[in-house]
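A.B. asks: Give me a 3D structure for the following:
(4 chains)
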Amino acid sequence: MPVWRGWDKIKYQAQLDPAFAEEVTSIPGGEKLFDCIQCGTCSGLCPLSPYMDFTPRKIIAMIRAGFKGEVLSSHTCWLCASCYACTVECPKGVKITEIMYATKRLAIREGVSPKRFAIPVLAEEFFRDVESNGRNSEGRLIMKLYLKTNPFKALKQATLGLRLWSQGRLGIRSDSIKRKSELKTLLKSLEKERMVRSRRETAHAGEAK
Amino acid sequence: MSTPENKTNGTPRIGVYVCHCGINIAAKVNVAECVEFARSLPYVTVAREYKFICSDPGQELIQQDIRDGKIDRVVVASCSPLMHEATFRKATLAGGQNPFFFQMANIREHVSWVTFDKEMATLKAKALIAGAVMRVARHKPLEKTRVPVNPDVLIVGGGIAGIHAALTIADSGKKVYLVEKEPTIGGHMAKFDKTFPTLDCAACILTPKMSAVRSHPNIILWSYSEVSQVDGYVGNFKVKVRRKPRYVDEELCVGCYECIEKCIFKKAKFEDEFNIGLSQRKPIYIPFPQATPLVALIDPETCTEFRTGKCKKTCVDACERKAIDFQQKEEIKEIDVGAIILATGFKIFDATRIPRYGYGKYPNVFTSLEIERLVNASGPTGGEVRLKDGGKPNSVGIIHCVGSRDINTNRYCSRLCCMASLKLAHLIKERTGAEVYNFYIDIRAAGKGYEEFYDKLLKEGVHFIRGRVAEVSDWTMTADEEGKLVIRAEDTLIGVVRRIPVDMVVLAVGLEPSADADNIRRMFNISCSYEGWFLERHPKLAPVSTFTDGISLAGACQGPKDIPDSVAQAGAAAAEALALIDKGFVELEPNTAFVQDEFCSGCCTCVALCPYSAISFSADNNRASVNGALCKGCGTCVAACPSGALQQNLFTDEQIFEEIRGVMNYV
Amino acid sequence: MSDINKSDNGNFEPRIVAFFCNWCTYTAADLAGTARMTYAPNARVVRVMCSGRLDPQFILMALREGADGVLIGGCHPGDCHYQEGNYKTLRRFTLLKRLLLDMGIEDKRVRMEWIAASEGDRVQRVMNEMTEQLKKLGPLHLEPVSIDTIHKKVEESVAQAEGVKI
Amino acid sequence: MNYLYFPGCSLKGTGRAYEDSILSVFKGLQLPLEELDDWNCCGATSYMAISEMKAFALSARNLALAEKQAHSRENFGLVTPCAACYLVLVKTQKYLQEFPDIGDKIKTALKSANLEYGGKVRVRHPLDVLANDFGTEKLASFVKKPLKGLKVACYYGCQIVRPYAEFDDQHNPTTMNRIMHALGARTIDWALKTRCCGGSLTGTIQEVGMRLSYILLREASRLGADVVATACPLCQFNLECYQKQMSREFEDAISIPVVYFSQLVGFAMGLPAKELGMQRLFVPFKFNPAAESVKGGIHVHS
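C.D. replies: Numbers count the residues shown, from 1 in each chain, chains lettered A, B, ... in the order given. Sure, this is the predicted structure:
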């Protein structure tokens, strides 16, 4: 067969992951994925959509069609600030914010979160801090973040930090809880648990539609 | 109905007919197994299966078995009795047996369509068949009673649907009472300037019909009136109509406007309901120049005489015909009718329920109905599209689906807003030359000539942006947005969020059931859908009938409808009413209650329970008795009778007991 | 008596007798069918014109004949096709429930629901819920009782029911 | 009504002034407020992105502790001023109820740490408590220095009213406005009162986060607001601390005080500025109805 120039611009069905949508709908909050009518209310309301590579509406369409790779490596979910504006106004009750969370988790799990954003790093630093101390210190968190992603920026922000510190608004020393072992036991028992609904729950949600 | 020969002496011989209903039943229920099972049941002498028992050959199977003397009672296991009970009763009769020796088992709606597991479905079907068999074995032959039908018709609601139905029936020589709650008939259509897709003038096609109603010898028009009570049943309804006082004698007033001119209020200053507050009226007014009847009325809320009793009453002096009557009282009219058509219409969605579109906050956000008045030549601006400050808009945004297709407000599509928006877009562009932007989710232009109209607008240069508007606001990002309303929406076909500054926003508000729909529904004893629209008997095959015989629906009270559909449905409702009247009689279900004298102790528990006063007590023989003509067959008295003397035809204790035994004991 | 009590995996499948009024709940069940709303197949529907026709005996009879639960469906208050039949049902039902409790029959086995003609989804929900509840409760066992116990129970019920009108 | 207090990490750090003022105001109004013992981080929005089950567990521990500390007290609320903590705690409550699977797993996890949660905690935002439990009329009676003439831009941010809060309208919240009116202040009517400030993006993708905050401040200034009142430590931080950078970046001189609503309440009640954490503000709040001025920093005279 002669090589046709446009071949790579077409999306072939074989490149898609038809199970991706189901993966998302099985997560609490993802059940209404198929109710979306692509009206774009979410994108219009989203204060961050101008900065996203795909608007939230488009992400929903892509999840449904099985564009797993594109969705998980897109910046969209990392820009979501969880303001829930889309979720409360969606005319079909699609919980878009929860779907954004779901794609964040899937991206981290699959190790495809985009490198140029600090958000996954922030999340993980935060995670570590809380897991060991039970509380987080914003100051330490931000410092670590800058050091890990962009040390030069840390310098730029130093003035702000100093001012905050001088007014008693920035603690670098980490606060911690008393009963750390209690927390550790609690979190440990959930090490392998993932938030996926049982088949029965999924079936009921389907009926409710 | 002739009485068939009673062939029920001795042990019942029951025929069971299990329907495949194509694959509707057969795909889930093992029909052959059900037939086999039916054969094992007591009294069953014949059990058969067939593709479609409701078809002629299917019915013939039943009739032949009766004629052959194989059976004397019939059970059909198929769809809901609400669907085909009448069909099979007729078939039983045609076979030569009393039609009430028949019982249906609903194995489609209640089994095959709602059960996932095949085995469980078959099991449930068997149980229902057994119930029906055991029950029908206890059936008794019954007779339907025939009652004459009153030939007069009541139509509630004088919008285009009510008007059309009234004229159709009146033209056939029947008498019609048309009751309208507003001071004039015409409904929403009277407010429009043009109609889609033909752009013919609404007034030009509506007002001749309105005056035809006024002058028709067979139509009694009661405007400014409401139905207050409905009793009786199909063919014989008794209705009370409350006529609100207009304080102007309808017979004397000629609509000359003299009283209005001479009212002590020199300037009109009260919100004009007809123009939705876009203009003002006086306390004495005529809603609009083509109002029918063309009779003035006084609003006691604003009239000085009613408020203080100290008005100079210049209106009274101005009226040469002495039509003004401050003493006028509400009047209750009682009428008897045989059929009723409800055409009570709709109300528009309250746009303040979606705060992010700014209706009520920003003066230049209008509803589509308000724009209808603005573009109307006889409207408050004489047909000029004007902003609140009187200026001309250079850019207008029309937002579709306001309050529709949204689980937070109404889930349904209001069906006509797309076309109404296109029409307004055309008119606004024509009148002002403004840039017009339509924000839509989907364009639904499925009527005759509608798609062509859409094509026309595309050619006219009206902008179409596929995206539901996120917000209308006055915060600005660029200089050209200053002082404008900014519409923010994703242009979903491009995948980019756009901000479009406009001078005027039009909200294409959806339709909702009218505010008093719930009262009306209860008064007329009909059901409504989840959203509150009146429920038709069958969405496809009986779209204008209701579950209450003798009451039909026309127009948007049944669901959002545009003018062509409303008129078509009004015609259908009129035909239904005429068919009933022309037949001249109705047959009533024989499921009435009766007293077995020998058991009645005369305790009178039943007498007070009957909502229709159908039970009377005779002190002479210390017995209660039921008037079959008044009894509607609910069975409440039967359940309460402490001695078991009361029974209900078709629902005797014995029959229900047997049905319970049947559904429980055989599978 | 039946194989429905034991499905393949040995799970208990309760049997329910459902009394539905013709105008609201039966129509709603039809609507659920037309809309293909799948639900638990455990109930067998007996149609009456109005829930007001329901003699408490019918419920007792259904339980005696082996039902694990009884469901009563009528129109919403104010919506009765016969004006107020459903109110009468409600009163009788309240009384009956006391009697059943005295007989040791759990509260959840007999349930009354107002379901309008348009509420097909509600039929689905109620059927599923009730089946689920009965599965948890297990089969209904009516113990044989001595005539003395019955007399005593009846007297108690009568005492309790005093002042409640039918 | 009894109140437990859940500060969360921010109120001990960047939002210290929020804590100062909440504690002072509640004390001034004689509403006892008792800090939740050994509380842990709520998990916030970032934790959700890593492990949702653990995020729920973190919140569930706090709820369990609150229930225990409240003992047999019938009617008690867990006052949670931080918007993120408020959202996460409420969300956890909802999920534990709505999804039995999650509920069961969390229950088991709590049990392994000898904890138990019966679902009795009511998570309350101080806005809700002041407006609905205490009442704005009663609040008005505590006002010693009415904020007459002050134009306040009430900024609710996102997570207090969306998506779960029941105490106010999601689309058009008015609780803070009512409180401000009770203090004698005027409020501006603006479309952006629930628009996102950028949240944690100011820390991660700063250009974007800052722009979102800038849009809010610009609009508040355009409408003539004297001060922006917030109810969230992150909102306050974003709106206040980057003003200099914004002015540079967007070539638009932005300078408008951004305070916690509780600071204004305390101020109107006549509480000393220091107890309200006024000295911690970057952009000093000045209000001078009767030749009285209050500045940021330590040079405050009352």
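
A.B. asks: which element is the residue of chain C most remote from its centre on?
C.D. replies: In terms of distance from the mean C-alpha position of chain C, C:Asp148 ranks first, at 27.8 Å (C-alpha atoms, centre = their mean). For C:Asp148, the element it lies in under DSSP states H and E is helix C:147-161.

A.B. asks: Tell me which other helices or strands the lowest-mean-pLDDT helix or strand in chain C touches.
C.D. replies: Least confident element among the helices and strands of chain C, by mean pLDDT, DSSP states H and E: helix C:147-161 (a mean of 72). Secondary-structure packing of helix C:147-161 (3 or more C-beta pairs under 8 Å, 6 or more residues apart in numbering or on different chains; DSSP states H and E): helix C:85-102. Every C-beta, even on glycine, is put in place using the N, C-alpha and C of the backbone.

A.B. asks: got any ranges where chain B has weak pLDDT?
C.D. replies: B:1-9 (pLDDT under 70).

A.B. asks: In contact with the residue of chain C found nearest chain D, which residues?
C.D. replies: Residue nearest to chain D within chain C: C:Glu132 (11.6 Å; C-beta to the nearest C-beta). Residues in contact with C:Glu132 (C-beta atoms under 8 Å, 6 or more residues apart in numbering or on different chains) are C:Ala40.

A.B. asks: again, but for B:Phe102
C.D. replies: B:73-76, B:85, B:88-89, B:92, B:136, B:139.

A.B. asks: Which of those fall within helices?
C.D. replies: Secondary structure from DSSP state H places B:85, B:88-89, B:92, B:136 of these in helices.

A.B. asks: domain ranges for the chain?
C.D. replies: Just so you know, I chose chain A. Domains of chain A are assigned by automatic domain parsing as A:16-111, A:118-187.

A.B. asks: You answered for a different chain; I wanted chain B.
C.D. replies: B:14-144, B:258-318, B:347-512, B:593-648.

A.B. asks: most tightly surrounded among the ones you listed?
C.D. replies: Mean neighbours per residue, mean count of other C-beta atoms under 10 Å in any protein chain shown, is largest over those for domain B:14-144, with a mean of 21.

A.B. asks: How far off centre is that domain?
C.D. replies: Relative to its chain's centre, domain B:14-144 lies at 33 Å (C-alpha atoms, centre = their mean, to the nearest Å).

A.B. asks: Any idea how far apart the tips of it sit?
C.D. replies: Domain B:14-144 has its terminal residues 23 Å apart, counting by C-alpha to C-alpha, to the nearest Å.

A.B. asks: Report pLDDT for the most far-flung residue of chain D relative to its centre.
C.D. replies: For chain D, the largest distance from the centre (C-alpha atoms, centre = their mean) belongs to D:Ser112, which lies 33.1 Å off. For D:Ser112, the pLDDT comes out at 91.

A.B. asks: for chain B, what are the nearby residues on chain A?
C.D. replies: Where chain A comes near chain B, counting by C-beta under 8 Å from any C-beta of the partner chain, the residues are A:37-46, A:49-50, A:54-55, A:57-58, A:89, A:91-93.

A.B. asks: Quick one: buried ones out of those?
C.D. replies: Buried members of the residues of chain A next to chain B, counted by 16 or more other C-beta atoms under 10 Å in any protein chain shown: A:37-46, A:49, A:54-55, A:57-58, A:89, A:91-93.

A.B. asks: if we can go back for a sec, could you tell me the angle between the least confident helix or strand of chain C and helix C:85-102?
C.D. replies: 130 degrees (axes from the mean of the first three to the mean of the last three C-alpha atoms, to 10 degrees).

A.B. asks: which residues touch helix C:147-161?
C.D. replies: C:95, C:98-99, C:102-103, C:145.

A.B. asks: could I get the residues you listed as TSV with neighbour count and distance to B:Ala556?
C.D. replies: Below are the contacts of helix C:147-161 laid out as TSV (neighbours: other C-beta atoms under 10 Å in any protein chain shown; distance: C-beta to C-beta, whole Å):
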residue	neighbour count	distance to B:Ala556
C:Leu95	17	45
C:Arg98	14	48
C:Leu99	19	49
C:Asp102	14	53
C:Met103	16	53
C:Val145	12	60
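
A.B. asks: still on that earlier bit, state the distance from the residue farthest from the centre of chain C to D:Gly270.
C.D. replies: Noted for C:Asp148: a distance of 78 Å to D:Gly270, by C-beta to C-beta, to the nearest Å.

A.B. asks: Please apply the same query to C:Asp30.
C.D. replies: With C-beta to C-beta as the criterion, C:Asp30 and D:Gly270 are 69 Å apart.

A.B. asks: Also B:Gln229?
C.D. replies: 65 Å.

A.B. asks: Please apply the same query to B:Gln63.
C.D. replies: From B:Gln63 to D:Gly270 the distance is 96 Å (C-beta to C-beta).

A.B. asks: rewinding a little: between the domains of chain B, which gets nearest to A:Lys68?
C.D. replies: Comparison of the domains of chain B against A:Lys68 by C-beta to C-beta identifies domain B:347-512 as nearest, at 19.2 Å.
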